[in-house]
Structures are given as C-alpha cells and as structure tokens.
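[1] Okay, predicted coordinates and the sequence, questions at the end:
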Amino acid sequence: MATVPNVDNKRYQGLIISIALFLSLIGALLAFTFYTSNLLERNTALIDQTNQVANSAQAVIKDLFDLDSSYGEDTNSPHIQRVLSRLEQNTALITSSITAIEQGSTITDAEGNSYDLPKIDSQAQTNIAAANEQWKALEPKIQTYLKDADNIMVTSADELTQAVEQAKTSSLFINDSLDNLTKDVFDSAQRQATTIRLIQVLGVAAIFTYFLIFVFFFVRRLRETDAEALAARQETQEIMETVNTGLFLLDKDLNIGQQHSRALNNIIGSDSLSGENFTNVLRGRISDKDLKTTQQFIEQLYNPRVKEKLVDSLNPLNKVMLHNLSEDKSLDNRFLDFKFSRVYDNKDIARILVNVNDVSDAVYLEQRLEKERSQNDMQIEMLTTILNVNPKIINEFIGNTQAHIEKMNNILKNPGSSQYELEGKLKAIYREMHSLKGEASALKLHSFTKIASDAEDKLHALQNQGQLSGNDFLPLAVHLDDLLSLSNTIATLGERINRSAPTAAKSSTVQAPVATQNPVADHAASNADFDGGLDIDLDNEADDDLLSFYNEFTKEIAARQGKRVQLKSTTLTQTSIPAHLAKPIKEISIQLLRNAVVHGIESPSVRHTTGKTDIGTIDLEVQDNGSNFMLVVQDDGQGINYDSIRNKLIEEGRFGTEEANQLSKGDLLKQLFSSGFSTKEHADEDGGRGVGLDIIKAKVKEYDGKLNVNSELGQMTRFVITLPKA
C-alpha cells in the first residue's frame, strides 16, 4: 500500500478559514431562522390565547344570561349542570390566561400541548391590565354565585343578579381591551415577520456574495497552485530526463514509484519499471541470497530504531553484478552500485530514495589494476625466489612443474569410460597437483600455491560429488594453463638474471641440504631392516592430498601451525642420492616432514604438560646400503593413535563399529594411507585432506620400494622408505 503524504495545513490555512466563515454564516442564518420561527410561533400562540380569552368572556356572559333566564329550573337538570360546568371552566380559563399573558409564562391547551408566550410590550400591557381589572370585578361575583348555585337549600338569585349586572358592565370593557391586545400582538408579530424576512434576505444575499467571492479566489488560487505544480513537475521531469544516474523511490512493499529517471531504464535494462516490484526486477539477475538480503536490508531502512549510517554499511547491492537476461548475448553483465537514503515526512520515514549508477567501467578498471598488481607482486615474488635460491633448484622446480603439468594433461586426455576409471583419473590428477603445490610452497612461490590450491578445491569437490563425468574435468585445464604460464615466466626471469647458471641438473646425484646431528642416524645405519615396524601393503589405490615441502621450510609450516620444530640430520650432507631417485626422495621427504609437523609434533602447551620440551624434534636421515637407498623421518611427537583412526573411520561411515573394532594396527595404517582419509578435524593449507600419505604410498609403489611405519603413542613416529637403486 502506498504511503499517503501528510497535507501541509499552512498551505491551505486561508482556504480552511474561508470555508469555516462560510459555514459560520450559514449556521448563523439557520440559527436566526430557527429563533424567529420560534418567536413567530409564540406570537401566534399569544394571538390564539387572546382570542380564546375573548371567546371565553363572551361565553361567560352568555352563560350568565342563560342562567338568569332559566332561574327556578331544577339545578340538577342536565341543562343547568352543563351551563354551570361550562361557566366554571371558562372562568378558570380566563383567569389563568390573563395571568399567563401578563407574565409571558407557559400555557397548556386542551390537547395538552404547552406553549411559551412572549413578553408583551407596554401598550399591550395596558390593554391586558384594563381587561384584567374588569375581570377582577366580575370574577369574584361569578365565584360567589357558583359556590351555592347547585345547592337547592340555598337561594342564589341575588348573587346571580349581581354577576349578570356586573357582566353587562365589564363585558364591553373586557372585549375592547382584548380586541386592542389582539391588534397590538398582531401588529407586533407582523413587524417581526417583516424584520425577519429582511434579515433573511440580507443574510442569503451576503452568503451568496461571499460564496461568489470565495469561488473566485479559490479558483484563482487553484490555478496558481496548478501552475506551480505543473512547473514543479516539469522541472522534476527535466531533471529525471537529464541525470545520468538511476533515481526512483521505494515504498515499504518494495514497489517502485511512478516517477523515475530516464537513465534508470538503460541502467537496469528494462523498459517498464514504474509500479513494478523491486524484487521482481532483480530476481534472476542477482543471487537468491543477495535478493533475500536486499529485502531484509530495506526492511531495516524502514525501522526508525536503526541508524541509517549503520545499516548502510550492510548494503548488499554495493557494486553488485547484474546478469543480462535479454536474448541479446552480446550485452555483457554489468556492475551496478545502489545507494539507499531515507525520505522523511516530518519524523516519519515515508519512502526510500534509491540512486543507481553503472560502475562497470570502474569495476573492470579495478579488476585490471588488481590483476596487474597481482602480476607485479608475482614477478617480485619470483625474482625474490630466483635471487635467493640456488639456480639448480629453480631449474629443477621448472622441470618438475612442466613434468607434473604434462602428466596431468595426459591424464585429462584419457576419456575414461567407467566410474572406476574416472575416479582413478581424479586420484592421479590430485596426486600430481598436490606434489606440484608442495614444491611451490617449499620455494615460497605463493602464486603457484594459490592456483594449485584452487585446483585442489575443485578436485576435492569432485571427489565428494559421487557420480563423475568427463566434462567435470574440463575446468582443470584453465589451472594447468595458468601454472604453465607461471612456469614459463619464472624460467624467462631466471634466464635473464642467471644466464651463467646451468639450465638443468646434469649431475648423476643430488647433494642434500646440510642439517644438524640426529641420534636416529646410527639406528638407521645399523638396522637396515627396521625390525619391529609394520610393512604397508602398497596394492591399495589411494588419493593424493595437499601440501608438499622442502626441508628448509619445516619451520615455516610449524609457524603456521603454531608449533616450534627443530630439524636434525647427520647423513644428508654425507650421502649422495642417485639421480633417478632424487625427485621421489625429495617429494617423499617434503610430504613426510609436513606430516610430522602437522600430525606428529604437538603444540608447545601440550608438550609442556607431557613433560617434553616446547621445541619438537624431527630427524631426517638417508642411507645407501649398496642395493637400496633408505629415507628415515622420525619425530618425537604424539605418535599414531590407532583408536582415533578407528573412531574416525566409524564417524565417516567407512566401517561399522563392530567391523572397525576388529581391524588390526596394520589394517588401520592401510586406512591411514588411503585416499581422502585424514585424522585432522579441519583442512587447511598444510593438511587435512588425506593426500600427503597417499602420495608417499604411490611414489614408493612406483619405484618398487618398501614402506615401514613404527610408532609409540605419546613418544614418537618413524617412517622408513626403502627404494631399490637398480
């Protein structure tokens, strides 16, 4: 329902006063007419009363003469009784009427109707006084006669004679006085009627004249107001047609007002907007979530208890993308910026003024600048890496990246005809992407890491969606192109800066980085078979996980995890790694070190409560025993909690409770190395998706190696990787 604006009473004050005066004149005339009508009615009653007194006086005299002529007749006869009764009634009527006329009091007729007699003037008072004087002379004699008139025991002839004689004398005076009184009252009533008619004519004329004047000024004022309104509408229309922004009003029901700027149609992309519901205009062009938030936002704008500045910060339509719904596909989606302002009527919120601007150019410019800024940051990051990392390592990274990308590209080309093949395809790509991400993260190449992380998010979503199709893998090609582009960029920068550095690793062996002493080295060298550990069956398929690291970035992972770690080694600087094993040893080392920091080493507070030092220790050792090459990674952390693995398997629904309780430690370790399984509650950049150990298992299996795990709860975990040199 549209909001009705409050009327400005000051603007119509003159009109209201004029109408009030006009109604007052009519009311006064009606009141005067009512008063004069009442006065005429009273004068008429007075005339009737004087006539009645005169008639009653004539009847009294007639009855006295009748009684005098009928004297001696039986007093109980009907005739005598009727005359005596009439004489008594008329006598009483004359007495009360004369008193009422003199005093101007209320009289009641024979039918019971009451009338108020008017006050008579002095001339009329003289006439009624004369009539009353004569009546007072006659009335006592009549009363004396009537006292014993019907008593046969008492002679009343003398009283009757006296009354008749007095009546002969008084009747003429009474009649004359009453005739004069009637004439005076009639003349007075006629004068009053003439005055009333004159006043009524003048009143009607005044009212009609005032009405004509009122209509004249009202029509003139109305024309002036119409002219002002027309000029204001014309100015508003000119503004609405000229401004380059979209302007319109919204009511509480989110209906667009009838007036809006012409530019709004082009900005919104609709020809008909007046009276349309705002949500219907936006539906399908923004997300349902933004649409619902917009409705709630406007509701809060109409809430007077909510401050406008506070709610403006929650505007969901700030630089929002409006999708193109027209059939013309050449039109791009546009970015629109909606600004909402309250319109007040006194202290009430009447409407919401909406200002819409097409900010597509500004948004695209911001995006372009942000992209250029990101590219500059990326190049600075790459330059920093190139300047601070051995060129040989950079070249190895470039070669490995291209190999990973090529391998993933080949996997993508394989169509896959069954769900089993598609799932295997997904796992293989996941492992390659995770390995590439680990190497990039080790070199602090965050641009590589970001792209690889985004790709892993898509892979993780595919892993959880159930049914797969070949088209699900198409978006990954974009990430591969971005990674290849970054690889080429860093290669170009490296060639420019390090033209004298070797472009590829030609040595048959790779020297491992220098590390500190490690007490587990002697154990690794003397116990090549690592008795007491658990051999892992490598035949199970597994999925790859996030995170890979270089040895020197172990502390960086620990810092992100809120832990303190010290890496020790005594054999890395003394043992040459065969060239064909350099890559798998490095990838496996990164995964194991990351796993040790994320899952093995406890936080300082936990270590302190268990009596350990705040700094956790990780030992990394290698050994060449002639036919095999061994990698040993051991941490002094919390060890493997097999009960936690069993509970996690039950929680994820991989096993039932009874079935899980029957699993041995070896079975539980196999599950720990399975694709997508992790004991970490929440995934982050360093772990929690169940890919790292899967990569280790896949690499060991690829090189026909062996994997041995030994752990003591609360004390340590040791991984032993054995790869044949042949």
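    Alright, I've got the coordinates.
[2] burial count for S374?
    If you count neighbours by other C-beta atoms under 10 Å, S374 ends up with 12. Yep, even glycine has a C-beta here, placed from its N, CA and C like the rest.
[3] For it, give me its contacts.
    Going by C-beta atoms under 8 Å, 6 or more residues apart in numbering, S374 touches S447.
[4] so what's it scoring on pLDDT?
    As predicted, S374 sits at a pLDDT of 73.
[5] try T613
    We have a pLDDT of 91 for T613.
[6] Isn't it up against E602?
    No: assessed by C-beta atoms under 8 Å, T613 is found out of contact with E602, at 10.9 Å.
[7] what about the two, which has more around it?
    Per other C-beta under 10 Å, whichever of T613 and E602 has more neighbours is E602, with 19 against 12.
[8] Phi first, then psi, for the more buried one.
    Backbone dihedrals for E602, given as degrees, to the nearest 10, come out at phi -80, psi 170.
[9] How about it, nearest residue that isn't a chain neighbour?
    Q638 (5.4 Å; C-beta to C-beta, 6 or more residues apart in numbering).
[10] and if you look at S114?
    Once flanking residues are discounted, S114 sits nearest to T108: 5.0 Å by C-beta to C-beta, 6+ apart.
[11] picking up where we left off before, any idea which element the residue nearest to E602 lies in?
    Using DSSP states H and E, Q638 maps to neither a helix nor a strand.
[12] isn't there a strand covering Q258?
    Yes: assessed with DSSP: H, G, I helix; E, B strand; the rest coil, Q258 lies in a strand.
[13] who are the neighbours in contact with it?
    Q258 touches 274-275, counting by C-beta under 8 Å, 6+ apart.
[14] Then G656?
    Counting by C-beta under 8 Å, 6+ apart, G656 makes contact with I650.
[15] For L649, see how far away it is.
    9 Å (C-beta to C-beta, to the nearest Å).
[16] out of everything not next to it in sequence, what's closest to V311?
    Q300 (4.8 Å).
[17] So that neighbour versus S711, what's the distance?
    56 Å.
[18] the more surrounded of those two?
    Under the neighbour definition other C-beta under 10 Å, Q300 and S711 were set side by side, and S711 has more, 23 against 15.
[19] would you say that one is within a strand?
    Yes: looking at S711 with three-state DSSP, it is inside a strand.
[20] give the contact list for it.
    Counting by C-beta under 8 Å, 6+ apart, S711 touches 639-640, 717-718.
[21] Any idea what E712 is bridged to?
    M716 (DSSP bridges).
[22] Read off the pLDDT value for it.
    pLDDT recorded at E712 is 88.
[23] From G600, how far out is it?
    Distance of E712 to G600, given as C-beta to C-beta: 12 Å.
[24] Those two: who's more crowded?
    Remark: of E712 and G600, G600 carries more neighbours, 25 against 12, as counted by other C-beta under 10 Å.
[25] which residue packs closest to that one, ignoring adjacent ones?
    If the residues on either side of it in the chain are set aside, G600 comes closest to G637, at 3.4 Å by C-beta to C-beta, 6+ apart.
[26] wouldn't that neighbour be in contact with M716 here?
    Yes: under the criterion of C-beta under 8 Å, G637 makes contact with M716 at 7.0 Å.
[27] domain parsing for this structure?
    Following automatic domain parsing, one gets these domains for the chain: 13-215, 246-358, 366-506, 511-726.
[28] got CSV for those domains, with distance to L222 too?
    Listed next are those as CSV, based on distance: least, C-beta to C-beta, whole Å:
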stretch, distance to L222
domain 13-215, 9
domain 246-358, 23
domain 366-506, 54
domain 511-726, 74
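[29] Buried deepest among these, which one?
    domain 511-726 (a mean of 19; mean count of other C-beta atoms under 10 Å).
[30] Strands of the stretch 601-726 of the chain, start to end?
    616-624, 628-635, 706-712, 716-724 (DSSP state E, counting those that start in this stretch).
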